[in-house]
Structure formats: structure tokens, C-alpha cells
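Visitor: here is my input; please provide its structure:
(2 chains)
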Amino acid sequence: MRERVLPVLVVVLAIVTLWYVACLPMNIREVLTEAERAGAVVTPSTAIERRDAGAIGLVLSNTDHLAQSWSQERAKLPAPHQVAIEIWDSTIGEEVYGRRGIVQSGSFSNRSLVYHTGITLWATVLGFVIGTGLGVLLAVGIVHSRTMDTSVMPWAIVSQTIPIVALAPMIIVVLYSVGVQGMFPKAVISAYLSFFPVVVGMVKGLRSPDAMQLDLLRTYSASPTEALFKLRLPASVPYLFASLKIGIAASLVGAIVGELPVQKGGLGARMLAGSYYGQTSQIWAALFAAATLAAVLVFAISAMERRTLRRMGVAG
Amino acid sequence: MISLSLALVVWAAGWALNARLANGPLSNTRLGRIAVPAIFGLTVLVMWELIVRGLNVPQVILPAPSAIGSAFGANLTVLWADFVQTILKGGLSGYVMGCGAALCIAVLVDRFDFLRRGLLPVGSFMAALPIVGTAPILVMWYGFGWQSKAAVVVLMVFFPMLVNTVAGLRDTSAMQRDLMRTYGAGYWQTLWKLRLPAALPFIFNGLKISTTLALIGAIVAEFFGSPTVGLGFRISTSVGQLALDVVWAAILVAALAGSAFYGVVTLAERGLTFWHPSQRAQ
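Guide: Numbering: from 1, shown residues only, chains lettered A, B, ... in the order given. Next up is the predicted model:
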């Protein structure tokens, strides 16, 4: 345990340290402007001279004012603790102590990350379920019909090389114009993104039983349906989980991108709002929420995978 | 009504033709493997055209393929400028920088076991994250030009590439490494002559995954701010103008660029890893 945890901790610590150091040159110009306005002496005394000077040189010649780099209100790069405070404020702070929070008003505040994460989560999960379901169905079709295999499969592979998210704004607007709005259009994008990894993985999985096993079923005079349920589907489970993990991450990206064109809540909307109004710590907080969500979703599927495979006796 | 029933007839005819081709003697030839998907694609296109015309689907919901084709032809110069801005400047430069950096770091990570045990879990965690989310931040830092798009692409391709390359560098057997030692080869010689070539299939796997990610990153980053050129810009503004034929034309450009990019990497893979079983089988 210690052998595995220690290196990771060191790397994470190094990243955080690097982050704090990077705050210095990133924020130095705003810091110096503020200090100058407050009446302090800064080394190149005019803003024009500072504009032409390099950021690292400015840091080295103004060591007195560096502490402010980590407490800027709208920093170009907010320090880790500022992001942590923003995350706390927009989750626990907003929900427990805020007037609109769940404790005082009975529903999640629309200013809190919990609310926005929830919106993104449901769109992701709905899209993921739709995409996975359709993907498995198509894979079963492909395995059983040679016509379908040779006509559809090459397109499924080609479509992997296409940046499908480019479709997102259009899907949102088109569905909106036919009267569908809310969670469903985002789920369509999520479904679309998780669909192809599942198809490709499942086809591989359904084909994984070897000729000997299929022959055995033939000697039992099993029908194709029986072969599907008793041999092919169980054999495909490990492949299914591998593509589910890719699929859920893709679904989350789809949901976030789908939230960009319509400002109706969700982590993507939160990021875009933050970038419009220069609220950098809000973007970072939303980013961390998205990262946590992704980690939780992938972890949930891995846990499900471990339990299922152990039940099936595939993995010890 | 006529075009609707015609669409059904076309579908049935295309499917019947494909069923005969796929189950007939031609199916295992090169011609059959290309013809069947081509016929399927053509059938879908013709049906799309007929259904859109038959049901009078408004242009703002789904334009017909012919309308998309003419929009593509009419906007050729604009779309070419978008292609250069998004794919060549944003996508490709970020791809080269990100994959190059990941390769170098991978060699370092492989050299020092402590780094491997520390960076690899962090790297595979990062590879699963929605890194497109960093786009607004990077656009804020590097401005609206192609530089910010390249930065997003660098971040997106870095971790998948790192994880794949490190896995590849560990793919030599003790026997092979011992053989190098009996030749008196040093670390760098072993790396250059044995381990990097052995890692190539993994490296190409990472490179292939990264092609799609690079295009996604370059296009999505443009949704957060761009100059008045670029595929992402074209898509988001044309959606706003309800000029959906132009949107589809831009998506066509992205699709063609994506497939071509992937194709080039696959060709390079075939040329460099001709010795690998997966390539010899073909």
C-alpha cells in the first residue's frame, strides 16, 4: 500500500507546488497594477514599461508584492486554496448556510455546484443508458446478420474518427425548434458519443467465443437465440465493461458540450458563464466538479465490473 | 407520397443487393468489402434525400444531402480557410506538440520507477477526465487565436499518449533485454534499437486515439471564443443563423479531415510496424 500511495502523493504534491509557483508569473501584472494604485512602489513604475517586460522578470524584481498573487479576486490563475474555497462556498456553503440552499429552502440552490452537477449527471446517465442499449442491440444485429456486419460495421469504425461533438450545437437547436428541450437533447448527444465505443466493444465481445464452444452448442442443437443468451452474452461481459468505461466518460463530455449552447444550468453552462464574466475560480470549481463526477462514474462502473466478474467466476 | 414509397423501394433494393453480395462468393474479395459499405452509404443518402423531399422537412431541421453538397461547393473558400485555421493550425500543431511531449515524458517516466508509480495513476486518471472543460481557461490565457486551441489539444492528447507509450516501453521480454545486454548495449542503445521499436504498436494506438481527440479539442475550444474563422466558429454561428446546410458542410469537412488524419496515421503504422503480427495478417 505504502509503495503505491507514496509516489502518487509526491506527484500530486509536486503538481500543487508547481501550481502555486505558476500563480506568480501568471498574476503578476494585475498584482502590480493593484499595488501601484494602492500607492506602493513597483519596479518598472509605469504600466507601459511593465507591458513590455517579461512576467518572470517582473516577479524577480518585485518580490515584496508576491503574496497578493495568491489572493487576487479574479486571478488569471487562481491558487489551489482559492479554488478549494470556491468549491466549498458553492457546495456546502451555498446549500447549508445560503438562503436558497436545501437546508433553508428545501430545494437545491441554482447557484450551487450540487445543483449543476445533478443536471449534468442526469443528462449523462440518461444518454449513457440510451446509447449503451442501442449499441448492444446493434452489436447483436451485426453478429447475427452478415449483411448488417459488412454494411454497417465499416461505417461504425469510420465514425470513430469523426469529431462527433461538432454536431452538438446543431442537435440542441434542431431539437429545440421541434419543441424538445431540457434534458433530452443533451442526452441525445451523450447517447451518440457513448454509442460507438459500445458497438465496437460488444461486437468484439460477442465474437469472442471460439469455434470449439460454438460447435459444442451446435451439438446440443441450440438455437441462435439460446447461443446468444447462454454463450455469447456472458462471454461478452468483460468487453462490455471495458467499453462502458470509455462510454461513460464520452457521455459526460457530450453532456457538458451539450450544455454550452443553452444556458439552462449544468456544468458546461457554468463553465461558459464563468468564462464570459471572468469568474476564473468558478470555471476551475466547475472543472473540478466535472472531474469528480467523471471519477465517481468510472469508479462506479469499475466496482460493478469487479462484482459482476467475480460473481461470474471470470476474475478471482 | 411517391418519394416516400420510392425511399422504401430504394432501401429494400439496396438491402437485398447487399444481402446477396455479403452472403455470396464476392464477400471475401477486396471488391466486396468495399462495395457493400459503399452501397449501404449510398442507400442511406438517397433515402435521406427522398424522405426530406417527400415529407417537406424544413431546411432548418434537416437539409437534404443535395443542399449540403451545394452549400459545400458554394462555400469552398470559406471552408478551406476554416480547415486551415482549425485543423492545421489548431489541431495539428497541438497534436505534434502534445504527442511529442508525451513521448519524451514517457521515456523519462520509464527510466525512473518512482515517477512511473507516481505519474502513471495520475495520468490514467487524467485520461478519463473531461479535459475539454479546460478550454474556457486556456482561451482566456492564450487569446482567441489558434494558440489557445493548440493548448487545449496538447492537454487532450497528452495523457492517453503518455499512458500508451509507457505501456509500450514495458512490452519487451526479459530475454530480449538480456540479449541486448550480451551485445554490450547501453541504456540508450537498448532504448533506440529494441524498446522503442517494440513500443511502436502501442505508440501508434495512442496516436490513433489522439487524432480524434485533437479534432474534438480544436473544434470545441472554438465554441468558447475564436476569430471569425474556424470550423467551430462556422458551426456555432451558422447554427445561430439557422443556415443548417452550411453547418452540415462544416461537419462534412471535419469528418473528411478526421478520416484523412486517421488514415495517414494508419498508413504510417503499416509502414513502420510491418513486422507486427496484427499487420502481417492482412
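
Visitor: check residue 251 and give its pLDDT.
Guide: As the question left the chain open, I've gone with chain A. Note for A:Ser251: predicted pLDDT of 90.

Visitor: oops, I was thinking of chain B
Guide: 89.

Visitor: show me which residues of the stretch 1-150 of chain B sit near chain A.
Guide: Applying Cβ under 8 Å from any Cβ of the partner chain, we find that the stretch 1-150 of chain B lies next to chain A at B:15, B:18-19, B:21-23, B:27, B:32-33, B:36-37, B:39-41, B:60-62, B:114-115, B:117-119, B:121-122, B:125, B:128-130, B:132-134, B:136-137, B:139-141. (Each C-beta comes from the backbone N, C-alpha and C, glycine too.)

Visitor: buried ones only from these, please, as a PyMOL command.
Guide: Buried residues among the residues of the stretch 1-150 of chain B next to chain A (16 or more other Cβ atoms under 10 Å in any protein chain shown), as a PyMOL selection:
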select buried, chain B and resi 15+18+19+21+22+27+32+33+36+37+39+40+60+62+115+117+118+119+121+122+128+129+130+132+133+134+136+137+139+140
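
Visitor: A:Val298: what's it in contact with?
Guide: With contact taken as Cβ atoms under 8 Å, 6 or more residues apart in numbering or on different chains, A:Val298 is in contact with A:Lys245, A:Ile248, A:Ala249, B:Ala128.

Visitor: how many neighbours does the first one have?
Guide: Same thing as A:Lys245. Residues lying near A:Lys245 (other Cβ atoms under 10 Å in any protein chain shown) number 18.

Visitor: again, but for the third one
Guide: Here the neighbour count serves as a burial measure; for A:Ala249 (other Cβ under 10 Å) it reads 24.

Visitor: over to the one 3 residues further on?
Guide: Summarising burial for A:Leu252: neighbours were counted as other Cβ under 10 Å, giving 32.

Visitor: what's near enough to touch it?
Guide: Contacts of A:Leu252 (Cβ under 8 Å, 6+ apart): A:Thr120, A:Thr124, A:Ser190, A:Ala290, A:Leu293, A:Ala294, A:Leu297, B:Pro130.

Visitor: what's the ChimeraX syntax to select whichever of the residues you listed are buried?
Guide: Selection of buried members from the contacts of A:Leu252 for ChimeraX, criterion 16+ other Cβ under 10 Å:
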select /A:120,124,190,290,293,294,297 /B:130
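
Visitor: am I right that A:Leu138 is in contact with A:Val200?
Guide: No. Assessed by Cβ atoms under 8 Å, A:Leu138 is found out of contact with A:Val200, at 10.3 Å.

Visitor: tell me the contacts of the closest residue to chain B within the stretch 201-316 of chain A?
Guide: Using Cβ to the nearest Cβ, A:Ser275 is the residue of the stretch 201-316 of chain A that sits closest to chain B, at 3.5 Å. By Cβ under 8 Å, 6+ apart, A:Ser275 lies in contact with A:Ile283, B:Pro136, B:Ile137, B:Val139, B:Met140, B:Phe224, B:Gly225.

Visitor: ditto for A:Ile130
Guide: A:Ala187, A:Val188, A:Ser190, A:Ala191.

Visitor: my guess is the last one contacts A:Ile248. True?
Guide: No. Counting by Cβ under 8 Å, A:Ala191 sits too far from A:Ile248 to count as a contact (11.8 Å).

Visitor: shared neighbours of the two, anything?
Guide: A:Phe128.

Visitor: which helix or strand contains the residue nearest to A:Gly98 when sequence neighbours are not counted?
Guide: Leaving aside its sequence neighbours, A:Gly98 sits nearest to A:Ser109 (Cβ to Cβ, 6 or more residues apart in numbering or on different chains; 5.6 Å). Using DSSP states H and E, A:Ser109 sits within no helix or strand.

Visitor: would you agree A:Ser109 is in contact with A:Gly93?
Guide: No. The criterion here is Cβ under 8 Å, and A:Ser109 misses it with A:Gly93 at 10.0 Å.

Visitor: which pLDDT value goes with the residue located most distally from the centre of chain B?
Guide: Here chain B reaches farthest from its C-alpha mean at B:Thr182, the gap being 42.0 Å by Cα atoms, centre = their mean. As predicted, B:Thr182 sits at a pLDDT of 93.

Visitor: kindly provide the distance from it to B:Thr190.
Guide: B:Thr182 sits 12 Å away from B:Thr190, going by Cβ to Cβ, to the nearest Å.

Visitor: cool, B:Leu138 as well?
Guide: 38 Å.

Visitor: pick out whichever of those two has more residues nearby.
Guide: Set B:Leu138 next to B:Thr190 and count neighbours by other Cβ under 10 Å: B:Leu138 wins out with 21 against 18.

Visitor: who are the contact partners of the nearest residue to the more buried one once chain neighbours are set aside?
Guide: If the residues on either side of it in the chain are set aside, B:Leu138 comes closest to B:Ala151, at 4.5 Å by Cβ to Cβ, 6+ apart. By Cβ under 8 Å, 6+ apart, the residues touching B:Ala151 are B:Gly94, B:Leu138, B:Trp141, B:Tyr142.

Visitor: cool, and A:Thr147?
Guide: A:Thr147 is in contact with B:Trp15, B:Asn18, B:Ala19, B:Ala22, B:Asn23, B:Val36, counting by Cβ under 8 Å, 6+ apart.

Visitor: and for B:Thr134?
Guide: By Cβ under 8 Å, 6+ apart, the residues touching B:Thr134 are A:Leu287, B:Val152, B:Leu155.

Visitor: let's see 10 Å
Guide: Contacts for B:Thr134 (Cβ atoms under 10 Å, 6 or more residues apart in numbering or on different chains) come out as A:Met271, A:Ile283, A:Trp284, A:Leu287, A:Ala290, B:Trp141, B:Ala151, B:Val152, B:Leu155, B:Met156, B:Gly217, B:Ala221.

Visitor: against B:Leu162, how distant is the closest residue to chain B within the stretch 1-150 of chain A?
Guide: Here the stretch 1-150 of chain A gets closest to chain B at one residue, A:Pro7, 3.2 Å apart by Cβ to the nearest Cβ. Using Cβ to Cβ, we find A:Pro7 at a distance of 15 Å from B:Leu162.
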